[in-house]
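S.K.: just need the structure, nothing else, for what follows:
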Amino acid sequence: MIYIVGSGPAGVACAHALVSRDIPVTLLDAGIEMEPDLRQVLTTMGGQAPSAWNAADVERIKRPTEISDRAIPLKAAYGSLFPYRHAAKHLSFEAHGVDASPSYARGGFSNVWGATVLPYHARDIVDWPVRADELAPHYTAVAQLMHIAERKDRLAAEFPLFTDGSHPLKTSQQADALMRDLDANAEALERDGWHFGHSRLAIQADAAGAGGGCVYCGLCLYGCPYGLIYNSSSTLQQLRRSERFAYRPDVVVSRVEESGGRVRILGETSTSGEAVSFDADRVYLAAGVFNTTAILLASLDAYDVPVPVLDSQLFLVPTLRFQGVPAVAEEPLYTLSQIFFELTKPSISPKTIHMQVYSYNDWYAGAIKRRIGALFPLARPWLTMLLSRLMAVQGYLPSELSPHIKATLRRSGAGHALVLEAEGNARSSSAIDEIVGTLRSHRRHLRAVALTPLLERGAPGRGYHTGGSFPMRAQPARFESDRWGRPYGFERVHVVDATVFPSIPSGPITFSVMANAHRIATECAGS
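M.R.: Residues are numbered from 1 along each chain as shown. All right, here's what the predicted structure looks like:
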């Protein structure tokens, strides 16, 4: 029997590759789900038009949590923290200067992701033992698991589409105005390494089959009541219709032991902590970088041995457009990223710097209130004008320019703890400053100015573009993996999540995690 551990995007992509080749698979998962009362609210809203929604139901899924007060807020899922809820009884996590956590939820962090999809450029994975053209057919395969809203534009030459581009989302008025200015100044921008295009998002834009498309209700950042933003739980549901697929929730895997061409999986139930075990022909680990790292270190008895976890640092800078757009708060729109910037500037990095532009959403007023505190009432007369011009640029650095995380597994009582400690990178701050400086230098072309005093730098792990603790190498050594995600010393255990990425490019990570997981499972199918 083949086992997969984890129901996030990597796990379901791996399972799909195997099941489609008639290979029986069992997927083990903690499987934490949202609260039943919240599920009922979503069932009700999902069967109604927005005009019929009950105000109390809308407020329920927009309910603030303790994570809403951060400078760069973490996303709750419909007002719930279930994606971050701990499940393991005998594994704990300690974070020191690190803003990250594992997920034990069914679907993992696809419950709260930003839905951005973009393949990695060849220049961004030159240090991988896998080439971009080897990933290409697997991008195509996993694109079939989701609806992708994208269009053929200036980015397509360097970042190919994996659909026909005929189902784009309707951009906001603010984004339309910015795109007009970008197009008018494209030559000057591209000469300086700035490339741009509409965002590509894993969202069902148009009606398909029995389901409707996006209604532009503006609730994307809280969670789509219609379930139109891709969640790997939907692929899991499709897989469960196959007689070759079995789903086993309530399981947290703690270690694997390989002997005599077999693998024994050891773990516990997430509800009671009762010990469980499974015997496998082959195992694919897709539990997310922190859980997978803990499993591997425990399996190797590598306690008190630190391993580096790579990160792509998040930064956020508000920008103010020269001209506002009227009635932004009343416009029907989606509130995820509207435009992508891809910057290639050798003075910063030979690799791509990825940025995402967000137009109006109702988080902005709350962010302004947190910033100015007691002065907020004085700003109210100007708030409408400010919001009509305000957009946010969210960027990421490649891991070479980012702080990273030191992960150490330590024994703790009857179990163990994964200790995460931030480790700085002297190049990070200057790289962000140069990127924002370049953004400011193009204010005439963007018709917008970056508000650098409001620049926020995320702590390590904050962007959840993290991995690389057991990186793929052509000739792996200890704490490294081969091109099929097999850690040194293992033959029948494969890691298929970002744990095996040799570096973390700045671009969206989930699409590439799924493609690489699909590649590994496809190449190893039947072996």
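S.K.: only C-alpha atoms for contact and neighbour calcs from this point on.
M.R.: Fine.
S.K.: where are the low-confidence patches of the chain?
M.R.: Filtered on pLDDT under 70, the chain yields the residue ranges 65-73, 210, 372-376, 378-380.
S.K.: how about 90 then?
M.R.: By pLDDT under 90, the weakly predicted segments of the chain are 63-75, 165-166, 207-212, 362-386, 412-415, 525-527.
S.K.: just the helices in it please.
M.R.: 9-19, 36-46, 55-61, 132-143, 173-184, 186-191, 232-239, 289-299, 363-372, 376-389, 426-441, 443-446, 510-524 (DSSP state H).
S.K.: A327: how many residues sit nearby?
M.R.: Using other C-alpha atoms under 10 Å, A327 is surrounded by 12 other residues.
S.K.: check the gap between G223 and Y334 for me.
M.R.: The gap separating G223 from Y334 is 11 Å, by C-alpha to C-alpha, to the nearest Å.
S.K.: who wins for proximity to F322 among the helices of the chain?
M.R.: helix 376-389 (7.0 Å; C-alpha to C-alpha).
S.K.: distance between the ends of stretch 44-55?
M.R.: 12 Å.
S.K.: pull out the buried residues from that stretch.
M.R.: Of all the residues in stretch 44-55, those buried under the rule 16 or more other C-alpha atoms under 10 Å are M45.
S.K.: so what touches it?
M.R.: Outside stretch 44-55, the residues within contact range by C-alpha atoms under 8 Å, 6 or more residues apart in numbering are 57, 217, 225-227.
S.K.: could you identify which of the helices of the chain is most buried?
M.R.: Burial of the helices of the chain is given as mean neighbour count (mean count of other C-alpha atoms under 10 Å); helix 9-19 ranks first at a mean of 27.
S.K.: what's the angle between that helix and helix 510-524?
M.R.: Here helix 9-19 runs at an angle of 30 degrees relative to helix 510-524 (axes from the mean of the first three to the mean of the last three C-alpha atoms, to 10 degrees).
S.K.: would you mind getting the angle between helix 9-19 and helix 132-143?
M.R.: 90 degrees.
S.K.: and helix 9-19, what other elements does it pack with?
M.R.: Judged by 3 or more C-alpha pairs under 8 Å, 6 or more residues apart in numbering; DSSP states H and E, the packing partners of helix 9-19 are strand 2-5, strand 25-28, helix 232-239, strand 282-285, helix 510-524.
S.K.: same thing but 6 Å
M.R.: Judged by 3 or more C-alpha pairs under 6 Å, 6 or more residues apart in numbering; DSSP states H and E, the packing partners of helix 9-19 are helix 510-524.
S.K.: and M355, how many neighbours does it have?
M.R.: For M355, the count of nearby residues is 25 (other C-alpha under 10 Å).
S.K.: check L81 too.
M.R.: For L81, the neighbour count with other C-alpha under 10 Å is 18.
S.K.: for V5, see how far away it is.
M.R.: Separation of L81 from V5 (C-alpha to C-alpha): 22 Å.
S.K.: what of S232?
M.R.: For S232, the distance to V5 equals 14 Å [C-alpha to C-alpha].
S.K.: rebuild the contacts of stretch 44-55 as CSV, extending it with distance to H147.
M.R.: Formatted as CSV, these follow (distance: C-alpha to C-alpha, whole Å):
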residue, distance to H147
D57, 27
C217, 18
P225, 16
Y226, 14
G227, 12
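S.K.: quick one: which of the residues you listed sit in strands?
M.R.: Among the contacts of stretch 44-55, DSSP state E puts none in strands.
S.K.: which of these has the most neighbours?
M.R.: When neighbours are taken as other C-alpha under 10 Å, the top entry among the contacts of stretch 44-55 is P225 (22 neighbours).
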